[in-house]
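> Sharing a sequence plus its predicted fold:
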Amino acid sequence: MRVLPGLAAAVIVAAAPAGAVVVSDSFGGSATPLALSALLGAQAEFDAVARLETGTGGVCSGTLISAVSVLTARHCADAALAGDWTARFASAGISTGYGVSSIATLAPDPGSPAEYFNGTDLAVFTLSSPVTGIDPLLLHSGPLYAEAFAMVGWGLYGTGSTGAALGPDSGHRGFALNMLDAATASPSGDFELLLADFDDEAGMSNTLLDPLGLPSQPDPLLHEGLIAPGDSGGPLLLLREGSWLVSGVATGSLATDGLTDSDYGDIGAWTALQSEAARTLLSGAGGVFYGAEVPLPLPAVLLGTAWAGLALLRRRDQP
């Protein structure tokens, strides 16, 4: 994975907050890619991913990290007061809503408080009552590799050829995979943003290679996708020893074609959890960080213990 001191100016000016998950047209080899994304997203191992909604129709995503704490994006928190938000969890076909009593955020840049693509786009919603029946997810701030990861969110959805054209839908918790291709770093060396581009089936949308010139792979994963509007605050998930760990929070998308609709070629950006300030915020909210770092080999990583034998991370050019 390539580490950058910052994003190229030509790309960052096209940044927009993230919305649900857009998937490749041939997602999983299915004739119904959107239905398959929703089916995979509905699995119990992702029940900790919450739909955050306001009374005026605003939608973000978040992750349960303790019984009363939901990790999300600061730009979501800045959009409404705590009392305007509801955190809704779907499990076994039942949706349960929880009020939000308070919000804590990572301190913004004093000179640019509305700048979110700088490693400060993190917030924690404290719920008015504990969530029962759903296990919080562990957090990850350790070493990162050029590896596959999962994204889950409640925002707009569609395919790579249409972009984010549908939803959001309270019954569509989307799922997709991508490759962690690059990251930006602070002067202290902590990761700020984690980056992945949305490759099409022809391998012609490798935007982290062109124009940024990074050593990004052009071939998509079998379950390739990207965050879209409404997925803001949702998790970037890494698999370690059979468990999904939250390693980043969806901040937004970067478009090289000028249209931030999460179509092929767009770049997803997730805020990393590596900084001391981030760890302090999340530990104070009851979040637990994972210890041992044992990355699983690619491309044979399995999608959780519940789906043993299903090699979702296999690339198309693998036998």
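Everything's here; your move.
> Only C-alpha atoms from now on, for both contacts and neighbour counts.
Will do.
> Spell out which residues sit in contact with Asn206, please.
Contacts for Asn206 were tallied using C-alpha atoms under 8 Å, 6 or more residues apart in numbering; they are 197-199, 216-218, 265.
> Would you mind putting these into a markdown table with distance to Thr72, neighbour count and pLDDT alongside?
Below are those laid out as a markdown table (distance: C-alpha to C-alpha, whole Å; neighbours: other C-alpha atoms under 10 Å; pLDDT from 0 to 100):
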| residue | distance to Thr72 | neighbour count | pLDDT |
| --- | --- | --- | --- |
| Asp197 | 22 | 32 | 92 |
| Phe198 | 22 | 32 | 94 |
| Asp199 | 26 | 30 | 93 |
| Ser216 | 28 | 22 | 75 |
| Gln217 | 29 | 16 | 77 |
| Pro218 | 30 | 19 | 82 |
| Gly265 | 25 | 24 | 92 |
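> Narrow these to those in strands?
Among the contacts of Asn206, the members falling in strands are Asp197 (criterion: DSSP state E).
> So in the chain, where's the weakest helix or strand by average pLDDT?
Every helix and strand of the chain was ranked by mean pLDDT, DSSP states H and E. The lowest is helix 9-12, at a mean of 32.
> one step back: go through the contacts of Asn206 and name the one nearest Ala92.
Nearest to Ala92 among those, counting by C-alpha to C-alpha, is Phe198 at 30.7 Å.
> show me the contacts for the closest one.
160, 178, 205-206, 220, 224-226, 262-268.
> which one in these is the model shakiest on?
Among the contacts of Phe198, Asn206 carries the lowest pLDDT, at 80.
> what about it, which SS state?
Applying DSSP: H, G, I helix; E, B strand; the rest coil to Asn206 yields a three-state assignment of coil.
> And it, how far from Ser91?
Using C-alpha to C-alpha, to the nearest Å, Asn206 is found at 36 Å from Ser91.
> nearest spatial neighbour of Arg88, skipping sequence neighbours?
In space, Arg88 comes closest to Gly97 once its chain neighbours are excluded; the distance is 4.2 Å by C-alpha to C-alpha, 6 or more residues apart in numbering.
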